[in-house]
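[1] Quick one, what's the 3D model for this:
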Amino acid sequence: MTALLLHHGIVHSPTDPYATALIVEAGTVAWLGGDDTAAAFLRDGMAEQDLDGAIVTPLFVDPLASSASGACHRGIGLVTVLRGWDGDRTLRTGVPAADHEATDTPGAAVVVEYRPHRQADAQQAYRPSAGVWIAADAIPSTELDQAVIAAVEAGEQVYLVPSDLADSSAVQAAQTASLAALRAAEKACGIPAIGRTRPRLAVGAPLTAQEEHFLAGLSASVTALVDAEAGTTAPVGGLLAAAVPVCLSLAADGNPWGAVRAALHHPDPQQGVSARSAFTAATRTGLRALSDTPAAHVDLPARLSVSAPATFGVWEADAVTVQAPDGRVAAWSTDTRAGTPLLPSLDAGEDLPRLRSVWVHGRQA
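    Have a look, this model is predicted:
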């Protein structure tokens, strides 16, 4: 594979926040740094590509998807598929696995599957999975409690979700039932046992501070639901302040940057987070929230750094900046001299970044 220098852009990398160029060789990031230094690495036979001011970032992670179809071409590198959900992302117990692209298809997103706890097909039940998902509002509370306890006792990660993401009443009911089931599991199994499985749950409504700290104590992670209008009422800021890992759900067939903007410009000013935190929630946290099972082991870089797989997206943005919610002071300096990696400006009314290309292990998808 011919080495390639991409330069005259912006590389979002915490290891070198001022990087404007990178070299891809043998499927990995061989070097990243400034354009002035890049010239010293040029050699005969090396290809060049002018980024023309575009920003290079890790690919997004969709933590709650119905399908992987077309995900990579929206800048999404991994999708968490709930086996048995239809294309409308509503519950269908016992149906075959979601129809998604094969993981060995060039340019296809990596797929991680969770199995339904009600598995009608015995053959599907033995397919490797990252854990078990349960539509928390769709079954009786006693069955839900027993299912969560059984998963904890088996050392299996449980993913508690609503039966219908588009139904606000289902989202609220699932959230309430999920918290109750986790409390039942805490009483039956103890906090250490639950913590080892790192449960996941979808949240689309406010939580009390007590509930946020309860989830933190269980080592749980939260998928903050973003609705079709790219808004969220999940308490993103409060959860992060309580040390609960937060993933952002990505609107089906939409621009993933919309979820980042939704967390940045939260309708509750106290729950807004910086663009950097929101971007992390839409990328790296989705990888860290996965279980430790072999079915959840993926080769997708959480950040761009030397020796990491050369898998990334190239985006056109009207402006780049270090952005805090509503102009408030961030936990780190918004002065570019402080070394905070730049991201596209996501002010309300601005166009979202546009995907120019996707690279997977050094090859353009």
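[2] which residues touch the helix or strand where L179 lies?
    Using DSSP states H and E, the element containing L179 is helix 168-189. Applying C-beta atoms under 8 Å, 6 or more residues apart in numbering, the external contacts of helix 168-189 come out as 135-137, 141, 144-145, 147-149, 152-153, 160-165, 194, 199, 201-205, 207, 211, 214-215, 218, 220, 225. Any C-beta I mention is one placed from the backbone N, CA and C, and that applies to glycine too.
[3] Buried ones among those?
    135-137, 144-145, 147-149, 152, 160-165, 194, 199, 201-205, 207, 211, 214-215, 218, 220, 225 (16 or more other C-beta atoms under 10 Å).
[4] Can you tell me, leaving aside adjacent residues, what's nearest to L290?
    Nearest residue to L290, sequence neighbours excluded (C-beta to C-beta, 6 or more residues apart in numbering): A296, at 4.0 Å.
[5] Counting neighbours, what do you get for the residue lying closest to V360 once chain neighbours are set aside?
    Leaving aside its sequence neighbours, V360 sits nearest to T311 (C-beta to C-beta, 6+ apart; 5.1 Å). Neighbour count for T311, taken as other C-beta atoms under 10 Å: 26.
[6] who touches T311 in this structure?
    Contacts of T311 (C-beta under 8 Å, 6+ apart): 58-59, 77, 300-301, 359-361.
[7] can we see that at 10 Å?
    24, 27-29, 58-59, 72, 77-78, 110, 299-301, 304, 358-363, 365 (C-beta atoms under 10 Å, 6 or more residues apart in numbering).
[8] same thing with S345?
    261, 275, 317-323, 351, 353.
[9] backbone phi and psi for D351, please?
    phi -70, psi 140 (degrees, to the nearest 10).
[10] Offset the numbering so it begins at 585, please.
    Right, with 585 as the first residue, what we last looked at is D935.
[11] I figured it hits D902, correct?
    Yes: D935 lies in contact with D902 (C-beta atoms under 10 Å); the separation is 6.0 Å.
[12] overlap in contacts of the two?
    928-929.
[13] who's sitting farthest from the centroid in this structure?
    D628 (39.1 Å; C-alpha atoms, centre = their mean).
[14] For burial, what's the neighbour tally of V820?
    28.
[15] again with the one 3 residues further on
    Neighbours of L823 under the rule other C-beta under 10 Å: 25.
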